[in-house]
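Participant: Coordinates for the following, if possible.
(one chain, ligands or ions: 2)
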Amino acid sequence: MSGDRSADTAAHAAAHVASGDDAGGPAVRRLAAWDAGRLSDLAADHGTPLYVTDLDRVHENCARLRAAFPDAEVRYAVKAHTGRAVLEAVRDAGLDAECAAAGEVRRALDAGFDGDRLHYTAVNPPARDLDAVVDWWADESDLTVTVGARDTLDRLAERGFDGRVCVRVNPGVGAGHHEKVRTGAAAKFGVPYDRAAAVVDDARDDFDVVGVHAHAGSGIHGEEDLAAHRELVARMGELAREVGDLEYVDVGGGFGVPYREGDPALDLDAVAEATREALGEVDARLAVEPGRYVVADAGVLLTEVNTVKPTPDTTVAGVDAGMTDLLRPAMYDAYHAIRDLDASPDRETGPVTVAGPICETSDMFCDGRELPIPDRGDLLAIGNAGAYGYEMASTYNSRPRPAEVSLAGEVLRERETLAGVTRLERGGDAE
Ligand SMILES: Cc1ncc(COP(=O)(O)O)c(C=O)c1O
Ligand SMILES: N[C@@H](CCCC[NH3+])C(=O)O
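Facilitator: Ligands and ions are numbered 1, 2, ... in the order given. Model prediction:
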């Protein structure tokens with residue numbers, strides 16, 4: 001959590017606490033805009049920690065993407081939130097599904113995506129995943145497999161697959177909110193740019209090569225990231241012109257959302273325009289595959305304060321959610337806005353450290369952030385938890401994963417039980 005104690009951060013937090021509105025226009029949903037009474041009712045009905053997902057917001061975000069990219073294919077990166085209700089909302093909104101693993105393909109199929117709306121991006125795919133997807137391809141022959149290595153092409157051919165393939169390219173340019181999520185220049189992803197045309201050429205012998213793809217990284221926000229995005233797109237445009245005869249050029253996802261209260265929203269229309277301009281003339285459709293943008297601000301994580309401990313530097317608010325429920329702060333030092341739903345405007349503020357129950361120092365949602373000093377029993381809402389929140393949850397410390405409900409009160413995922421956590425081990429229920 002280095003840097004979380006900065007004056008800058010404190011100012012952001014104070015502004016959030018003071019403003020209480022949806023500053024930034026319709027494209028930004030601030031944590032303050034959520035109805036505190038509604039969230040408190042849901043926590044009372046379903047317990048904490050609790051994910052709350054606003055499915056209408058998912059629809060709105062999809063609509064905004066479709067409006068910004070009217071002539072492009074917009075594919076939702078399922079990994080950001082795989083819940084059935086979210087997938088159905090995305091399907092209804094007309095987006096395709098981009099899946100990172102066979103399990104995600106299965107979920108998308110179960111949510112009603114037809115093969116022609118399914119894109120499986122196979123990164124070093126385990127044999128089990130390839131077997132499963134090739135199996136499903138027998139019925140869904142329009143699905144597309146995106147491959148980033150010749151070996152993956154060979155392994156598909158060995159399984160009798162001769163369908164639609166997209167070649168993933170390593171564009172040599174990365175972007176994103178943290179080095180751990182900048183994929184564009186990481187050797188693991190995609191065939192090196194200067195070999196891409198040759199790989200496309202070879203692949204055409206055995207497959208229907210329908211596209212080329214590259215992804216810079218996640219959380220593109222700010223000029224430097226946008227410049228990297230434009231560079232990636234320009235390179236992909238060049239490649240598409242070189243290899244010709246493609247259905248689409250997929251320039252990845254990564255569109256960021258503001259996490260700090262004062263952060264500006266991404267100007268999606270401007271990004272779309274810059275993308276088209278950088279791509280140049282190509283005889284193929286543009287495709288994008290956003291995940292975070294669709295779901296981040298559609299979700300909050302509710303957690304109850306169970307321990308308040310004054311220390312010389314900060315008040316430690318112990319809460320019942322931890323890094324097992326929302327990993328991003330521990331993994332990326334990610335900033336998530338925090339709102340005390342029970343604190344009246346005249347509550348004293350000061351440096352507050354919101355910490356979970358896990359035996360790891362990194363199990364903190366903020367450290368020394370200027371917030372209302374919580375009381376035991378207060379309900380805190382953690383913002384922008386809809387993307388890579390529940391998805392990255394674990395059962396470390398034998399903690400059952402939290403429940404998820406829609407804002408309307410429908411249970412979307414039951415709270416896991418301890419029996420659920422232990423069921424696969426010797427002596428567990430599954431035996
Ligand atoms: C290949 C690919 N496409 C799309 C995405 C979606 O990224 P984001 O959620 O930042 O839009 C990712 C994740 O970074 C990805 O790896
Ligand atoms: N999990 C990351 C995003 C990575 C997306 C996958 N390539 C995050 O929470 O920011």
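Participant: Give me the contact list for stretch 118-128.
Facilitator: 75, 96-102, 104-105, 108-109, 129-130, 133, 140, 142-149, 152, 155, 166, 168, 188-189, 213, 250, 289 (CB atoms under 8 Å, 6 or more residues apart in numbering). Placement of C-beta: from N, CA and C, glycine included.
Participant: Asp297 contacts Gly256, correct?
Facilitator: No. In this structure, Asp297 is not within contact of Gly256 by CB atoms under 8 Å, at 11.4 Å.
Participant: Neighbour count for the two, which is higher?
Facilitator: A side-by-side neighbour count of Asp297 and Gly256, using other CB atoms under 10 Å, places Asp297 first with 29 against 24.
Participant: SS state for the more buried one?
Facilitator: Under DSSP: H, G, I helix; E, B strand; the rest coil, the three-state class of Asp297 is helix.
Participant: Tell me where the stretch 1-150 of the chain has helices.
Facilitator: Ranges of helices in the stretch 1-150 of the chain, per DSSP state H, counting those that start in this stretch, are 7-19, 36-46, 55-68, 84-92, 102-110, 127-137, 150-158.
Participant: ok, and does the longest one reach over to ligand 1?
Facilitator: No. Figure legend: helix 55-68 not in contact with ligand 1 (CB under 6 Å from any ligand atom); closest approach 10.3 Å.
Participant: and that helix, average pLDDT?
Facilitator: The pLDDT scores in helix 55-68 average 96.
Participant: how far is that helix from where the chain is centred?
Facilitator: How far helix 55-68 lies from its chain's middle: 15 Å, per CA atoms, centre = their mean, to the nearest Å.
Participant: Next: the second one.
Facilitator: Relative to the centre of its chain, helix 36-46 is centred 25 Å away, using CA atoms, centre = their mean.
Participant: Quick one: name the residues of the protein near ligand 1.
Facilitator: So far as CB under 6 Å from any ligand atom goes, the chain lies against ligand 1 at 77, 80, 98, 121, 181, 183, 215, 218-219, 252-255, 289-293.
Participant: Looking at those, which are in strands?
Facilitator: Residues of those located in strands (DSSP state E): 77, 98, 121.
Participant: Tell me the one of the residues you listed nearest ligand 1?
Facilitator: Proximity of these to ligand 1 (CB to the nearest ligand atom) peaks at Ala77, which lies at 3.4 Å.
Participant: Test my guess that the closest one contacts Gly253.
Facilitator: Yes. Counting by CB under 8 Å, Ala77 touches Gly253, with 5.0 Å between them.
Participant: Mind checking the helices of the stretch 1-150 of the chain for the one nearest to Ile373?
Facilitator: Minimum separation from Ile373 across these (CB to CB) falls at helix 7-19, 11.8 Å.
Participant: State the pLDDT value of the one residue in the stretch 1-150 of the chain that gets nearest to ligand 2.
Facilitator: Nearest residue of the stretch 1-150 of the chain to ligand 2, counting by CB to the nearest ligand atom: Lys79, 5.9 Å away. Note on Lys79: pLDDT of 98.
Participant: same thing with Arg30?
Facilitator: pLDDT, read off for Arg30, is 88.
Participant: any idea how far Ala408 is from Glu223?
Facilitator: Between Ala408 and Glu223 the computed distance is 39 Å (CB to CB, to the nearest Å).
Participant: Walk me through the domains of the protein.
Facilitator: Under the assignment automatic domain parsing, the domains of the chain span 7-52+296-422, 55-295.
Participant: from the chain's centre, how far out does the first one sit?
Facilitator: Right, the one you point to is domain 7-52+296-422. 17 Å.
Participant: again with the last one
Facilitator: For domain 55-295, the distance between its averaged C-alpha position and the chain's averaged C-alpha position is 13 Å (CA atoms, centre = their mean).
Participant: Can you get me the start-to-end distance on that domain?
Facilitator: Domain 55-295 has an end-to-end distance of 9 Å (criterion: CA to CA, to the nearest Å).
Participant: so which residue of the chain comes closest to ligand 2?
Facilitator: Tyr388 (3.2 Å).
Participant: so that residue sits right up against Ala80, yeah?
Facilitator: Yes. The pair Tyr388 / Ala80 is scored as a contact, 5.8 Å apart, by CB under 8 Å.
Participant: Can you tell me which residues in the stretch 151-300 of the chain are near ligand 2?
Facilitator: Within the stretch 151-300 of the chain, the residues that sit near ligand 2 (CB under 6 Å from any ligand atom) are 181, 183, 218-219.
Participant: Need the max-distance pair from those.
Facilitator: Longest span within those, CB to CB: Thr183 and Gly219, 11.3 Å.
Participant: Need the residues touching each of these two.
Facilitator: Residues touching both Thr183 and Gly219 (CB under 8 Å, 6+ apart) are Gly176.
Participant: Tell me both backbone torsions, phi and psi, for the closest residue to ligand 1 within the stretch 301-431 of the chain.
Facilitator: Nearest residue of the stretch 301-431 of the chain to ligand 1: Ala387, at 6.1 Å (CB to the nearest ligand atom). Main-chain dihedrals, Ala387, degrees, to the nearest 10: phi -110, psi 130.
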